[in-house]
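Q: Okay, predicted coordinates and the sequence, questions at the end:
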Amino acid sequence: MPFITLPEGILQQLPQKPQVEVVDGTLVVEWNHKRVEVNPKRLIFSEGVVARYDGTECRAKSLVLYLEDTERFGVAEGDVQIVDPDGTLRATKFVFDWRNRTGSATDVYGSAYRFSVSGREAVVESNRWRLSDAVLSPCAESPPLLEIRASSIEVTDAKRGVARRASLFFRGKRVVTVPTYRFNLGPRKEGIAFPTVSMNRDGTVGAAWASSFGLSRGLGLSASIQAFPQRPLGGALEFGYSPGNFRLPLSTFSERSPYGFLENVNNLSLRSEFEQITAQYRGLTIGGALNQGIPGRQTRDTLTAPLEVGFGLAEGNKTVGYAAQAKYQRIGYTDGPFRSRLSLGATVIGLESVNPRTDAFLRLDTESYLGSGDNYGWVSGTFGVSHSPSKWLRLSGSYTRAADTGNPFLQTDLPFTMESINTRFDLIGGSTKVSFLSKYDPRRSRFYDHELSLKQVAGCLEPFVIWRKFPSSLNFGIRLRTDDLFEAIDRRIRRQR
């Protein structure tokens with residue numbers, strides 16, 4: 001058989017199959033060319049370099065792995081592209097530790113959590129993210145509708161952060177600059193919010209506004225206003241102090257389970273409910289309220305509290321946590337009488353991922369009111385499951401049972417129902433999100449609440465309509481698209497378990 005002789009050098013020109021190197025059992029590197037150095041111990045890869053670890057992929061022209069016993073890290077350079085399930089960034093240089101999942105990137109730009117991001121340097125530590133000379137925008141158009149520029153943005157534990165020398169731009173024009181702005185990326189959306197149009201249970205239409213924001217590292221303020229025709233203006237004001245980052249505990253004038261995924265159609269997931277309840281906190285509050293209505297109670301009467309002083313604490317790990325608070329109250333119906341009493345409340349919650357598509361939770365709640373002349377208390381237990389048969393559909397359900405003792409001073413102290421079966425479905429269809437929640441009372445043999453949420457993406461904004469039969473409210477408006485950010489953080493927490 002005749003032999004075919006190829007011209008010299010033609011073999012080097014043929015496409016080469018990438019070689020694979022596995023380091024520490026977690027870092028996988030594809031490469032076409034490799035060089036080994038002994039002192040210091042280094043692996044130098046070039047040509048078609050792809051490194052993968054912990055769901056992150058890095059592509060670069062060259063990659064150097066430093067493999068000393070005391071220090072092991074990688075340096076990627078040349079048209080660096082960093083991709084993970086939550087976004088894509090480009091950089092000129094990327095230094096990373098694949099074992100501790102930390103790193104830093106220089107001259108970054110790209111997108112993350114559907115936000116456009118750019119900066120001089122991005123640093124990811126075990127419990128801290130930092131972006132220097134940062135520019136962020138949730139809008140794709142140029143110039144963007146809204147844009148934030150800051151000398152630095154720092155986020156701790158993927159939940160709380162601070163922006164320094166931060167400016168807000170509208171259509172490329174600066175609107176305001178503040179020296180320091182503290183914010184929350186978790187489901188507790190602290191910050192200055194837009195007013196919402198609301199319909200109360202007697203059918204009248206009014207406006208409601210509620211916001212909370214940090215005044216300094218540990219000091220914060222929460223304020224709310226309710227305005228409805230033929231009803232006195234209502235509002236509440238509360239100051240809070242907690243060492244470290246500012247956070248306020250649950251207000252006396254909120255509904256029973258405002259963070260409950262299966263109690264409030266506004267909430268995103270069981271994981272977000274768990275995080276809101278158990279976010280670490282220890283602090284003091286002082287405040288008051290005037291002509292304040294309380295949603296989700298057995299009466300339409302408004303309350304006034306000339307003074308409330310409280311102490312709260314909360315803590316949790318990845319599966320179990322608690323929140324508790326004690327308050328001295330001078331409180332009563334707006335027309336009186338007023339009494340002084342001690343209010344004690346606590347929640348214990350456990351959350352378990354049965355499998356990647358299914359979560360289950362158990363929650364115990366209790367409240368007691370002492371010293372008002374009519375001592376009263378109740379306790380309830382809730383068990384629930386949430387399952388996602390596909391990426392666009394989520395089905396959830398829960399069962400709640402409660403018991404009480406004593407005589408309440410205020411009808412608002414009572415649970416609305418002593419037994420409830422709640423069901424919910426969420427349809428996530430790209431730019432459209434639909435959620436529907438129903439609550440059934442077996443003792444009264446009737447549905448006492450239906451809730452519907454409609455959200456439609458329109459550029460970087462999200463028009464929404466939220467209707468809740470009980471507590472008889474209809475809210476609509478426009479907000480920034482941030483749900484994807486919270487859901488992405490939820491996914492990252494799951495991957496780090």
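A: Alright, I've got the coordinates.

Q: what does the helix or strand where Ser453 lies rub up against?
A: Taking DSSP states H and E as the criterion, Ser453 maps to strand 446-456. The contact list for strand 446-456 (Cβ atoms under 8 Å, 6 or more residues apart in numbering) reads 264-266, 416-417, 431-441, 462-470, 483. Bear in mind the C-beta positions are built from the backbone N, C-alpha and C, glycine included.

Q: Can you give me the neighbour number for the closest residue in space to Trp378 that isn't next to it in sequence?
A: Leaving aside its chain neighbours, Trp378 sits nearest to Asp404 (3.7 Å; criterion: Cβ to Cβ, 6 or more residues apart in numbering). As a burial measure, Asp404 scores 16 neighbours (other Cβ atoms under 10 Å).

Q: now the helices for the stretch 201-350 of the chain?
A: Secondary structure of the stretch 201-350 of the chain (DSSP state H, counting those that start in this stretch): helices located at 270-278.

Q: quick one: low-confidence parts of it?
A: Applying pLDDT under 70 to the stretch 201-350 of the chain flags the ranges 201-203, 244-247.

Q: related to what we said a few turns ago, and the residue nearest to Trp378, what helix or strand is that in?
A: Counting by DSSP H and E, Asp404 is part of strand 393-406.

Q: quick one: buried residues of stretch 400-408?
A: Neighbour counts using 16 or more other Cβ atoms under 10 Å place Thr400, Ala402, Asp404, Pro408 of stretch 400-408 among the buried residues.

Q: residues contacting the second one?
A: Okay, so that is Ala402. So Ala402 contacts Trp378, Val379, Ser380, Gly381, Pro415, Thr417, Met418, Glu419 (Cβ under 8 Å, 6+ apart).

Q: Once you drop chain neighbours, what's closest to Tyr281?
A: Counting by Cβ to Cβ, 6+ apart, the residue nearest Tyr281 is Ala314, at 4.4 Å.

Q: Report the beta-bridge partner residues of that neighbour.
A: Tyr281, Ala323 (DSSP bridges).

Q: ok, back up a step: what lines up beside the strand holding Ser453 in the sheet?
A: In its sheet, and by DSSP bridges, strand 446-456 pairs with strand 432-441 (antiparallel), strand 461-468 (antiparallel).

Q: Taking the buried residues of stretch 400-408, tell me the two that lie furthest apart.
A: The most widely separated members of those, counting by Cβ to Cβ, are Thr400 and Pro408 (19.2 Å).

Q: Counting by contacts, list what the lengthiest strand in the chain packs against.
A: Longest strand in the chain by number of residues (criterion: DSSP state E): strand 338-355. With contacts taken as 3 or more Cβ pairs under 8 Å, 6 or more residues apart in numbering; DSSP states H and E, strand 338-355 sits against helix 270-278, strand 303-316, strand 320-333, strand 358-370.

Q: can I get the CA coordinates of the first one in PDB?
A: Listed next in PDB are the C-alpha coordinates belonging to helix 270-278 (Å, rounded to 0.1, in the frame of the first residue of the first chain):
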ATOM      1  CA  LEU A 270     -40.000  30.100  50.600                       C
ATOM      2  CA  ARG A 271     -36.300  31.000  50.700                       C
ATOM      3  CA  SER A 272     -37.000  34.700  50.700                       C
ATOM      4  CA  GLU A 273     -39.500  34.200  53.500                       C
ATOM      5  CA  PHE A 274     -36.900  32.300  55.500                       C
ATOM      6  CA  GLU A 275     -34.300  35.000  54.900                       C
ATOM      7  CA  GLN A 276     -36.500  37.900  55.900                       C
ATOM      8  CA  ILE A 277     -37.500  36.300  59.200                       C
ATOM      9  CA  THR A 278     -34.000  35.100  60.200                       C
END
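
Q: circling back to that earlier point, what angle do strand 320-333 and the longest strand of the chain make with each other?
A: Computed by axes from the mean of the first three to the mean of the last three Cα atoms, to 10 degrees, the angle separating strand 338-355 from strand 320-333 equals 150 degrees.

Q: Parallel or antiparallel, list what pairs with strand 338-355.
A: Checking strand 338-355 against DSSP bridges gives partners strand 320-333 (antiparallel), strand 358-370 (antiparallel).

Q: rewinding a little: compare the contacts of Ala402 and tell me which is most surrounded.
A: Highest neighbour count within these: Ser380, with 22 neighbours (other Cβ under 10 Å).

Q: Would you check that my belief about it contacting Pro415 is correct?
A: Yes - between Ser380 and Pro415 there is a contact at 6.6 Å, judged by Cβ atoms under 8 Å.

Q: that older thread, filter the contacts of Ala402 down to the ones in strands?
A: Trp378, Val379, Ser380, Gly381, Glu419.

Q: Ile349 versus the fourth one, what's the distance?
A: Okay, so that is Gly381. Going from Gly381 to Ile349 by Cβ to Cβ, to the nearest Å gives 11 Å.

Q: Now for these two: what residues contact both?
A: Counting by Cβ under 8 Å, 6+ apart, the residues touching both Gly381 and Ile349 are Leu362, Arg363, Leu364.

Q: Let's have those in JSON lines, adding neighbour count and distance to Val20.
A: Shown next, in JSON lines, are the shared contacts of Gly381 and Ile349 (neighbours: other Cβ atoms under 10 Å; distance: Cβ to Cβ, whole Å):
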{"residue": "Leu362", "neighbour count": "15", "distance to Val20": "45"}
{"residue": "Arg363", "neighbour count": "23", "distance to Val20": "47"}
{"residue": "Leu364", "neighbour count": "14", "distance to Val20": "51"}
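
Q: Show me which of the residues you listed is closest to Trp129.
A: Nearest to Trp129 out of the shared contacts of Gly381 and Ile349 is Arg363 (Cβ to Cβ; 30.3 Å).

Q: Pretty sure the closest one sits against Ala323.
A: No - with contact defined as Cβ under 8 Å, Arg363 does not count as touching Ala323 (10.7 Å).

Q: so what's in contact with these two at the same time?
A: In contact with both Arg363 and Ala323: Thr347, using Cβ under 8 Å, 6+ apart.

Q: Leaving out the residues flanking it, which one is nearest to Thr358?
A: His387 is the one closest to Thr358 (Cβ to Cβ, 6+ apart), at 4.7 Å.

Q: quick check, that neighbour in a strand?
A: Yes - under DSSP: H, G, I helix; E, B strand; the rest coil, His387 falls within a strand.

Q: is it in a bridge, and if so with what?
A: Thr358, Leu395.

Q: burial measure for it, as a count.
A: Count around His387 with other Cβ under 10 Å applied: 15.

Q: any idea how far Pro138 is from it?
A: His387 is 30 Å from Pro138, where distance means Cβ to Cβ.

Q: The stretch 151-300 of the chain: strands as residue ranges?
A: 160-170, 173-184, 196-199, 205-214, 219-227, 234-241, 281-292 (DSSP state E, counting those that start in this stretch).

Q: between these, which gets nearest to Glu30?
A: Nearest to Glu30, of those and by Cβ to Cβ, is strand 160-170 at 35.1 Å.

Q: From the chain's centre, how far out is the closest one? Work that out for me.
A: 18 Å (Cα atoms, centre = their mean, to the nearest Å).

Q: name the helices or strands packed onto it?
A: Counting by 3+ Cβ pairs under 8 Å, 6+ apart, strand 160-170 packs on strand 146-156, strand 173-184.

Q: elements contacting the shortest one?
A: Other helices and strands packing on strand 146-156, by 3+ Cβ pairs under 8 Å, 6+ apart, are strand 128-137, strand 160-170.

Q: Contacts for the longest one, please.
A: With contact meaning Cβ under 8 Å, 6+ apart, strand 160-170 is reached by 129, 134, 143-155, 174-186, 245.
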